[in-house]
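# Turn this into a structure:
(2 chains)
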Number of protein chains: 2
Amino acid sequence: MKASEAKRSLLALGDDRVNEILRAVSKCLVEATPLILEANEEDLARMDPNDPKYDRLRLTADRLAGIAGDMASVATLPSPVGHLLKEWKRPNGMRLRKVSVPFGVVGVIYEARPNVTCDVFSLCLKSGNVCVLKGGSDADRSNRALVEVIHATLRAFGVEPAVCTLLPPDREATAELLVAEGLVDLIIPRGSGALIRYVRDHARVPVIETGAGICHTYFDRDGDLAKGRAIVNNAKTRRVSVCNALDCLLVHQDRLEDLPDLCAPLSESRVLIFADERAYAALAEHYPAELLARATEENFGTEFLDYKMAIRVVDSLDEALRHIARYGSKHSECVVSESAEAIRRFQLEVDAACVYANVSTAFTDGAQFGFGAEIGISTQKLHARGPMALPELTTYKYLIEGDGQIRPK
Amino acid sequence: MKASEAKRSLLALGDDRVNEILRAVSKCLVEATPLILEANEEDLARMDPNDPKYDRLRLTADRLAGIAGDMASVATLPSPVGHLLKEWKRPNGMRLRKVSVPFGVVGVIYEARPNVTCDVFSLCLKSGNVCVLKGGSDADRSNRALVEVIHATLRAFGVEPAVCTLLPPDREATAELLVAEGLVDLIIPRGSGALIRYVRDHARVPVIETGAGICHTYFDRDGDLAKGRAIVNNAKTRRVSVCNALDCLLVHQDRLEDLPDLCAPLSESRVLIFADERAYAALAEHYPAELLARATEENFGTEFLDYKMAIRVVDSLDEALRHIARYGSKHSECVVSESAEAIRRFQLEVDAACVYANVSTAFTDGAQFGFGAEIGISTQKLHARGPMALPELTTYKYLIEGDGQIRPK
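Numbering: from 1, shown residues only, chains lettered A, B, ... in the order given. Presented below is the predicted three-dimensional model:
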């Protein structure tokens, strides 16, 4: 596979040169706007405008300028490779260094979002990795137009274009990528749960799963009502389609009478609430009847990705912790409490990538964490957890130097 | 699965208590020597004493004392959990902390080596992880005897015995473990290439591969003959059954006349050499004829695990690098050279967990690196590379605290 051989052409490039290339591609993307939008029009013409994917597929001059701007800002970030992570000497005199290095070849499988093509290329180049892109077939013309711009710039800089390899948008290409052991070092699927499950079930190459989030906010006995109301509303309604959106509100039984107040802002966004018995009774005369339903078991542990939310009343912090352990997906969980002890226990015991205290789960995002860029939000624990930025696109190697050391029998 | 629920009982344990338990188990293992050896005898009775696995399965009072000693020394190591890895504040006032935490449940699949049972338990307990052990059926009686001792001690300390769960030694148990998504956080297979491939091909749970190593030593134009001779002999013959043993010697063409000298010590260990044309000619009148064969293509890229070694003559450092990129397994690679520039290029360009300069590859081992313990040698790049010790048995979580921060639209 050419992508694997192209790794070598990145080794000697150096961060200054990488940044020059990113700025040049950024500029060329803007200059090529008419061509790229034309290609995008061809993709759009094949899709039903009522399909929810239509808007994500659609490029405009503004959106393209944003994509180009993101690429230019990756050029301003510090390089994640070549860092001396640790250095030590052994009694026999040999010196060990642990240094950060690129993975090599990173495969990303995604759906019809052309912006991902540029994001992945810029983050991979910045971290010294070759990227193998497998985009959705709906966006193929757009992706090819974007990659043509990238390739033209790479050639102008004397870099092997295969460092950014776009695969054909068919099942066979995905299937080959998933079993390319030794050629591909890491695969990151980005998209629907079905895509991610398919990748996980068929890959032999190491995978980082991203995506699914079943997120709770627990309003504690000692929760501040104003904070809780703002956090619940923000976490649920800021953007319902994101993985860190709120799915289930847990309320301490001693605060039942505050529940109508806690939920009041949600009615403005027409959030449909699935409430358990006690929550239903507390909300019945306060929350719009047409937006209030009795919860069934299946409403818990569901990622809604919609203006829908479950509510369960719990007797104690312990019950809240048990609920989250059972139904959560280890993504983003929040406690609203003024009790330092409740916060301490919640943050210790909840097993999730991001555990919030009195902060909206809407912040689970590389840029919001101050990482400057993000290639995805890992939902597993191996290698990277939560927002993945440039350092998460590196691995390390040990360099051992000596003057002829051998190991005794 | 009980193992998954048992996680909670480790959360509040604390490192002092963990160390007490490890020391107590260590003591009990020695006290239970007669019982354990009796169980081990039953296993041995079912195996042909000529089977190479026989010796690995066999326990003696001395070996058991060694296993117990290793467990006690894990108790002296620093805890890898609860470390503050990073702490920062965002402009909106929210404070972020990145802290090291246990994976949760770690599954280890291994063959008939009862010592692995105790090693894995001690490293997992020390790092706050529940372990699920799937040992080889040949060692089942021994493993059960060891785990009985562990369970008795855990009970005495009021810890849920399921934190050390031994699965039945059948295929079904392995199959269930591999797809226990959400219940098992990480699987580490330890053993033959066939076992590791089986796990990789069938697992849906994240896996760290360990094991296979196709290792080279490159004797450069500027290599020191005395160092090279010692390193080649040590890397090849110290223990031929280990993954970091030397498989292929690459020699710069300008040093062909030194080849007989470089290989001389190997004949004492009766190492069979598969030499390419030029190497064969150089060795023909110096190396024992019955131990010298002409190399075929299949001798390169082979992990011998035996008193066998390939030799290829290369025209340049570049050719050596290309050979290693093509045939190596990214495990342990060595350059013997007095040229700082050759060493620099070799260490930069060779993509391997451990890249040695003038040091035998025999040192790829947690204890030799000064890690104090090792759960395996990772051959992949995701999460951990090379020798894996206690820190590699942890992941992290982000703890975010504030006073009601919400994210603007």
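# going forward, measure contacts and count neighbours with C-alpha atoms only.
Fine.
# List the buried residues in stretch A:346-365.
A:346-365 (16 or more other Cα atoms under 10 Å in any protein chain shown).
# when you check chain B, which of these turn up near it?
A:347-349, A:352-360, A:362-363 (Cα under 8 Å from any Cα of the partner chain).
# quick revisit: in helices, which of the buried residues of stretch A:346-365 appear?
Judged by DSSP state H, the subset of the buried residues of stretch A:346-365 located in helices is A:Phe346, A:Gln347, A:Leu348, A:Glu349.
# Surely the second one is in contact with A:Val355?
Right, the one you point to is A:Gln347. Yes. With contact defined as Cα atoms under 8 Å, A:Gln347 reaches A:Val355; the gap is 5.9 Å.
# Number of residues surrounding the residue of the stretch 1-150 of chain A found nearest chain B?
Using Cα to the nearest Cα, A:Phe103 is the residue of the stretch 1-150 of chain A that sits closest to chain B, at 6.7 Å. Under the neighbour criterion other Cα atoms under 10 Å in any protein chain shown, A:Phe103 is assigned a count of 24.
# Same check on A:Glu42?
Counted with other Cα under 10 Å, A:Glu42 comes out at 15.
# For it, give me its contacts.
Residues near A:Glu42 by Cα atoms under 8 Å, 6 or more residues apart in numbering or on different chains: A:Arg141.
# any idea which helix or strand carries it?
helix A:33-45 (DSSP states H and E).
# Which residue, other than its chain neighbours, is closest to A:Leu57?
A:Arg113 (5.2 Å; Cα to Cα, 6 or more residues apart in numbering or on different chains).
# Please tell me I have it right and the one you found contacts A:Tyr54.
No. Under the criterion of Cα under 8 Å, A:Arg113 is not in contact with A:Tyr54, lying 9.5 Å apart.
# Would you mind measuring from A:Leu246 to chain B?
Distance of A:Leu246 to chain B, given as Cα to the nearest Cα, to the nearest Å: 13 Å.
# give me the number of residues near the spatially closest residue to A:Ala352 that is not a sequence neighbour?
Leaving out its chain neighbours, the residue that sits closest to A:Ala352 by Cα to Cα, 6+ apart is A:Lys330, at 3.7 Å. The local packing of A:Lys330 (other Cα under 10 Å) involves 25 other residues.
# so how far is the helix holding A:Glu42 from its chain's centroid?
Distance of helix A:33-45 from the chain centroid (Cα atoms, centre = their mean, to the nearest Å) equals 27 Å.
# Mind listing what's buried along that helix?
A:Thr33, A:Ile36, A:Leu37, A:Ala39, A:Asn40, A:Glu41, A:Asp43, A:Leu44.
# What sits closest to A:Lys53 if chain neighbours are left out?
Nearest one to A:Lys53, counting by Cα to Cα, 6+ apart, is A:Ala112 at 7.1 Å.
# for A:Pro114, same thing?
A:Pro114 sits nearest to A:Asn143 (Cα to Cα, 6+ apart), 5.8 Å away.
# Pretty sure the one you found sits against A:Gly135.
Yes. Under the criterion of Cα under 8 Å, A:Asn143 is in contact with A:Gly135, at a separation of 7.4 Å.
# Before we go further, A:Thr217 is sitting in a strand, right?
Yes. Remark: A:Thr217 belongs to a strand, assigned using DSSP: H, G, I helix; E, B strand; the rest coil.
# That one and A:Leu250 touch, don't they?
Yes. In this structure, A:Thr217 is within contact of A:Leu250 by Cα under 8 Å, at 6.1 Å.
# higher neighbour count, these two?
A:Thr217 (30 against 25).
# bridging residues for that one?
A:Leu249, A:Cys334 (DSSP bridges).
# Common neighbours of A:Gln347 and A:Val355, please.
B:Leu399.
# picking up where we left off before, next, count neighbours for the residue nearest to A:Pro114.
By other Cα under 10 Å, neighbour count at A:Asn143 equals 28.
# Please list all residues in contact with it.
A:Pro114, A:Thr117, A:Gly135, A:Leu166.
# in the stretch 301-409 of chain A, what spans have low per-residue confidence?
Scanning the stretch 301-409 of chain A for pLDDT under 70 picks out no residues.
# Which secondary structure element is home to A:Arg97?
Residue-wise, A:Arg97 maps onto strand A:95-102 under DSSP H and E.
# from the chain's centre, how far out does the helix or strand of chain A with the lowest mean pLDDT sit?
Scoring the helices and strands of chain A by mean pLDDT, DSSP states H and E places helix A:2-11 at the bottom, with a mean of 83. In this view, helix A:2-11 has its centroid 26 Å away from the chain centroid, taken as Cα atoms, centre = their mean.
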